[in-house]
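Asker: Sharing a sequence plus its predicted fold:
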Amino acid sequence: MKTIKSLILGSAAVVVAVGGAQAADLPVKAKAVEYVRICSLYGAGFFYIPGTDTCVKIGGYLRADLTVNGGNGGAPFTSGSGAYHDRYTNYYNDYSRFALTLDTRTATEYGVVRTFGQADFTFGTEGFNGINQQSTLNTNSAQGNVSSNYAGQGSLGVEYAFIQFAGFTFGKSASAYTTPWQGYPGNISGSLVGGYDTVTGINNVQYTAQFGNGVSASFGVDDSSANDFNRTQLLDAAATNAAAGNWGLYGAPTSAVTSVGTAYTGTYIPDFVGNVRVDQAWGVFQLSGALHYVDGGYFQNANTLGGQFANGSPNTNAMDSGHPDGKFGGAVSAALQIKNLPTGPGDDIKIEGTWAKGATKYALGTSGALGGSYFMIKNATGGVGGDISIGAISDGIYGGPGKTGIQLTDSWGFRGAFNHNWDPYWSSSLFGAVAGVHYGSTAKTLWCGNYALAATSVAGITNCDPGFTLSQVGVTTRWTPVKNLTFSSEVMYAYLDTNMKGSVTGTVTSAYPLTTGTYQFKNMGTVEVEFRAQRNF
């Protein structure tokens, strides 16, 4: 009996062993590989980078833009060759842009670590938009100004590239001074005056503290070295030395050594900026401040240092010719957004006001360089002249026969918009802006001394004052037939009110490309129209 039991148990063991071996040899269904895993921590569009705990979002937009009677991006003809209607100007300008953004976020014990970058690939056909300073055909303007407008060419721009960690931001980002809507309270034009704009980013380091209930405060240190950011012109009014540059008939320096900003020194002190903001369901209120250091080069020829030790002796361009003491300027602004208006869902009002001293860029706005002046000319005919309106843009002016110290320029600005949604597909904005620049009595004396040298006769000037007021008003209409696809049209009128009175007489020279004659100072306006198609993704 025991023998039979042993045989049965042994046979069972063999069957189990064989069955286990056969089961091991059978194909096993592989677990599905999760190539993309959705990350819902930071909103729609994020997914985990495979093998990591970092979430990433890829986005951007594609834009086609056309401006009639203005420069690219809806820039009105308030300066450049388009402002005096010469035959080298393109009266319509267009561009196409592909913007690519990459946003990564990682949760850590210190909070979220974020990196963000935006690159713009642009192909524009804007022609010559500077000042043709020759009485004969300008080669660059004849070619349409080789500005990335040939087949297969284009330009690459980096708008943002920053890291955020524990409340800090490092890299190229929006300034802590600017409003959440930057220079776009309701417009699509990139040339609205009246406030600050770093929509294309600025190198900075900043810290933001959140106090709860939508209350925050930010402090930043911004790059102050580039004309496109926080500098306009610092003018060296070396009236005793014509080589230092004179103000041309249109009010900007005519010598190559005094192009925009060249009388500034290199950077010693960055801009210190900050804001206090309340952001709640009813809207936004923000107070901002900025400190900007204005420091000039040498007296006489600004920063023209070539050959300063000719024959072993310093000449009039020498580095030991002295320099003005630097001065601190700055700006303050207040901004308000009101939401939940009774006119309709999503409607709002955005307004802001700015005052600046020695920091004119904060009041005139735009994310690009402003140039040396606003000027508009019309009805110019040979031997007769025409009408002219000018306004000099600067952070300050110094020099002259008495080597006067820096006279800081005062400026102010205001802008705003009412935005209304007609239905889920149509919306409109009514916007406006105004900005002014004021020069004190000493600054006017220095500027007018150089302006006199640039013209044949200034006997007809009854009031020499480079100050001005620039006003803008416009309407934008948008159609969004499907989500993230918008077609926009905008009409904007710009009006330049010059403080100059009387007339000035000049002849055709390389100093200014105008016909010989007498020009009457008058206020002038211009209209530009912009069309845009944009697909966000």
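Answerer: Noted; the coordinates are in hand.

Asker: To which secondary structure element type does T486 belong?
Answerer: Of the three states, T486 takes strand under DSSP: H, G, I helix; E, B strand; the rest coil.

Asker: Check G449 too.
Answerer: Assignment for G449 (three-state DSSP): helix.

Asker: correct me, but it touches I397?
Answerer: No: in this structure, G449 is not within contact of I397 by CB atoms under 8 Å, at 10.3 Å. (Glycine included, C-beta is placed from N, CA and C.)

Asker: who touches both of these two?
Answerer: The contact sets of G449 and I397 overlap at A237 (CB atoms under 8 Å, 6 or more residues apart in numbering).

Asker: Work out which residue lies at the spatial centre of this structure.
Answerer: Central residue of the chain (CA atoms, centre = their mean): S367, 0.7 Å from the mean position.

Asker: was I right about that residue contacting G195?
Answerer: No: S367 is beyond contact range of G195, at 11.6 Å (criterion: CB under 8 Å).

Asker: Overlap of the contact sets of the two?
Answerer: Shared contacts of S367 and G195 (CB under 8 Å, 6+ apart): G183.

Asker: Identify the residues contacting the nearest residue to F487 once chain neighbours are set aside.
Answerer: Counting by CB to CB, 6 or more residues apart in numbering, F487 lies nearest to W479, which is 4.8 Å off, once chain neighbours are set aside. For W479, the contacting residues are 425-426, 486-488, by CB under 8 Å, 6+ apart.

Asker: can you put those in a markdown table and add pLDDT, neighbour count and distance to L291?
Answerer: Converted to a markdown table, the contacts of W479 look like this (pLDDT from 0 to 100; neighbours: other CB atoms under 10 Å; distance: CB to CB, whole Å):
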| residue | pLDDT | neighbour count | distance to L291 |
| --- | --- | --- | --- |
| Y425 | 97 | 12 | 45 |
| W426 | 98 | 13 | 44 |
| T486 | 98 | 20 | 38 |
| F487 | 98 | 14 | 42 |
| S488 | 98 | 20 | 37 |
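
Asker: Among the residues you listed, give me the pair with the biggest separation.
Answerer: Greatest spatial distance in the contacts of W479: Y425 and S488, 12.9 Å, computed using CB to CB.

Asker: Please determine how far the residue nearest to the centre of the chain is located from G326.
Answerer: Separation of S367 from G326 (CB to CB, to the nearest Å): 26 Å.

Asker: Run a quick neighbour tally on T518.
Answerer: The number of residues packed near T518 is 16, by other CB atoms under 10 Å.

Asker: Could you report the distance from it to V384?
Answerer: 8 Å.

Asker: Check S224 too.
Answerer: Between S224 and V384 the distance is 45 Å, computed by CB to CB.

Asker: These two - which one has more neighbours?
Answerer: The neighbour comparison of S224 against V384 (other CB under 10 Å) goes to S224, with 25 against 12.

Asker: Can you show me the helices along the stretch 1-150 of the chain?
Answerer: Counting by DSSP state H, counting those that start in this stretch, the stretch 1-150 of the chain has these helices, from start to end: 2-25, 139-142.

Asker: which stretch in those has the least confidence?
Answerer: Here the helices of the stretch 1-150 of the chain differ in mean pLDDT, and the lowest is helix 139-142 at a mean of 40.

Asker: After that helix, which helix or strand is next? Please name it.
Answerer: Sequence order places strand 155-165 as the next helix or strand after helix 139-142, per DSSP states H and E.

Asker: May I have the phi/psi pair for Q182?
Answerer: phi 50, psi -130 (degrees, to the nearest 10).

Asker: How about the contacts made by it?
Answerer: Per CB under 8 Å, 6+ apart, neighbours of Q182: 174, 197-199, 367.

Asker: Could you do T366 as well?
Answerer: Contacts of T366 by CB under 8 Å, 6+ apart are 183, 190-193, 197.

Asker: one more time with 10 Å
Answerer: 73, 75, 183, 189-193, 195-197, 199-200, 228 (CB atoms under 10 Å, 6 or more residues apart in numbering).

Asker: gap between it and G248?
Answerer: T366 is 22 Å from G248, by CB to CB.

Asker: cool, and G124?
Answerer: For G124, the distance to G248 - CB to CB - is 27 Å.
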